[in-house]
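Trainee: what would the 3D arrangement of this be:
(chains A and B)
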There are 2 protein chains.
Amino acid sequence: MLHFREELEELQSKLLEMGGLVEAAIHNSVLALVDRDEDKAKEVMWNEALVNQKEIEIDELATRMLALFQPMARDLRFITAVIKINNDLERMGDLAVNITERALTLMREPAVKPLIDIPRIADLAESMVHRALDAFAKHDADMARDVLLADDAVDRLRDAVYDELLSFMQEERSTINRAVSLMFIAQNLERIADHSTNIAEDVLFAVKGIDVRHHAETGE
Amino acid sequence: MLHFREELEELQSKLLEMGGLVEAAIHNSVLALVDRDEDKAKEVMWNEALVNQKEIEIDELATRMLALFQPMARDLRFITAVIKINNDLERMGDLAVNITERALTLMREPAVKPLIDIPRIADLAESMVHRALDAFAKHDADMARDVLLADDAVDRLRDAVYDELLSFMQEERSTINRAVSLMFIAQNLERIADHSTNIAEDVLFAVKGIDVRHHAETGE
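Mentor: Predicted structure coming up:
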């Protein structure tokens, strides 16, 4: 069983590496947008290949461990949680790529308005991702619960961003294309936050064996 | 092992029930939009509780089977594919709810334009979902590959919808709110199609043991 514990640690550390790559992608996508920084955008695009590679590695290791060691109870819950978290992280990486693609278009045009609320949503979303992964690393159920509570604030901010952008579009139609891009970016950030709550739910399941999905609906 | 085969069949049929619920949700969400049919909208909302319940049941059964029977090779791949497909289906159900929420708002206002391309995207997406589930039911790798090929057509149609809606918004700003809602609906349909390709990839992995993810990037 010593061998199993070693592989379990390897699995955990691979997932945390994946998490680090995705956190960097999200952060860089927002910098590409806010600072109009094309180099950060390139980093995100290049990084995506690594994220995809890592996703496959983790899936293979987890599946192999299920077959070889036939784990039970908490170990089994941990490995199935890794498979799900891995999937969420890969989606979050895709969302960071979507944000970056829109940022690349937006940086070629004048700003619609100073960006205030979108960086705020980004900060909240990044903090949720970070704490969800920290809860996973530390097997900390309380930290995972905190992540679930943060989701409402993101939803409210996103709604405020939508309303503000809609009024910009109404007042000045030359802003429509850019404002629509910003709305999609706000939505992508909200979905990143939502994936963080999925991760937090998986951590609670892995650590405590309790299923908190669908009790307080978060939508997507 | 007879018992294992029985449970495997139960798992498969539960997942196909889940698939049926989600297919109905997608179909009804589009009818709510196109026919301005509030009853269909209510069906989607009511249906969501069943989808969420079914998701948890399937996850529990799959996890229990991994622990009890310690399956190997193809059986193990099949069960881990079920866990992933289940997750995709639940997301697709959420997307149908999003479409329905927007349809409920839109049915209280005059139409921006006759809906032509959005129902077309919906038809394509529904057909992809259906064929992906059929490929799963029949363990049919060729059918799964066909689903992967259909995704580009959906992306092209969605881009055409975006362009058309943007020009409506430019020409007549009173349409902006409604046009933005239609853009989000088109995006939700595109994501439903994208989840169908995930399912098709999982079917290929379960049936053939080959991993086709990230070879032809589909984005999200």
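
Trainee: how about the residues of chain A by chain B?
Mentor: Chain A has residues A:52-53, A:55-56, A:59, A:63, A:66-67, A:70-73, A:76-77, A:80, A:83-84, A:87, A:91, A:94-95, A:97-98, A:166, A:169-170, A:173, A:176-177, A:180, A:183-184, A:187, A:211, A:213-214, A:219-220 near chain B, with proximity defined as CB under 8 Å from any CB of the partner chain. Yep, even glycine has a C-beta here, placed from its N, CA and C like the rest.

Trainee: drop anything exposed from these.
Mentor: Buried by 16 or more other CB atoms under 10 Å in any protein chain shown: A:52, A:55, A:59, A:63, A:66-67, A:70-71, A:76-77, A:80, A:83-84, A:87, A:91, A:94-95, A:97-98, A:169-170, A:173, A:176-177, A:180, A:183-184, A:187, A:213-214, A:220, out of the residues of chain A next to chain B.

Trainee: out of these, which sit inside helices?
Mentor: Using DSSP state H, the subset of those located in helices is A:52, A:55, A:59, A:63, A:66-67, A:76-77, A:80, A:83-84, A:87, A:91, A:94-95, A:97-98, A:169-170, A:176-177, A:180, A:183-184, A:187.

Trainee: what packs against the helix or strand encompassing A:Glu201?
Mentor: A:Glu201 belongs to helix A:176-208 when assigned by DSSP states H and E. Using 3 or more CB pairs under 8 Å, 6 or more residues apart in numbering or on different chains; DSSP states H and E, the elements in contact with helix A:176-208 are helix A:2-34, helix A:73-106, helix A:117-138, helix A:141-171, helix B:141-171, helix B:176-208.

Trainee: can you tell me how far A:Trp46 sits from chain B?
Mentor: From A:Trp46 across to chain B, the span is 14 Å (CB to the nearest CB, to the nearest Å).

Trainee: return the residues in contact with the nearest residue to A:Leu104 once chain neighbours are set aside.
Mentor: Distance criterion CB to CB, 6 or more residues apart in numbering or on different chains; nearest residue to A:Leu104, sequence neighbours excluded, is A:Ala41 at 5.3 Å. By CB atoms under 8 Å, 6 or more residues apart in numbering or on different chains, the contact list for A:Ala41 reads A:28-29, A:32, A:100, A:103-104, A:107.

Trainee: how about the secondary structure of A:Ala41?
Mentor: Secondary structure state of A:Ala41, per DSSP: H, G, I helix; E, B strand; the rest coil, is helix.

Trainee: can you give me the pLDDT of it?
Mentor: The score at A:Ala41 is 97. That number is its pLDDT.

Trainee: next: A:Leu2.
Mentor: A:Leu2 is assigned 61 on the pLDDT scale.

Trainee: B:Glu126 is nearest to which of the helices and strands packed on helix A:176-208?
Mentor: helix B:176-208 (8.2 Å; CB to CB).

Trainee: mean confidence score for that closest one?
Mentor: On average, helix B:176-208 scores 94.

Trainee: quick check: buried residues in that helix?
Mentor: Within helix B:176-208, the residues that qualify as buried are B:176-207, counting by 16+ other CB under 10 Å.

Trainee: repeat for stretch A:140-152
Mentor: Neighbour counts using 16+ other CB under 10 Å place A:141, A:143-144, A:147-148, A:150-151 of stretch A:140-152 among the buried residues.

Trainee: cool, and stretch A:101-119?
Mentor: Across stretch A:101-119, burial judged by 16+ other CB under 10 Å covers A:101-104, A:106, A:112, A:115, A:117-118.

Trainee: and which of those residues is nearest to chain B?
Mentor: Nearest to chain B among the buried residues of stretch A:101-119: A:Glu101, at 8.9 Å, using CB to the nearest CB.
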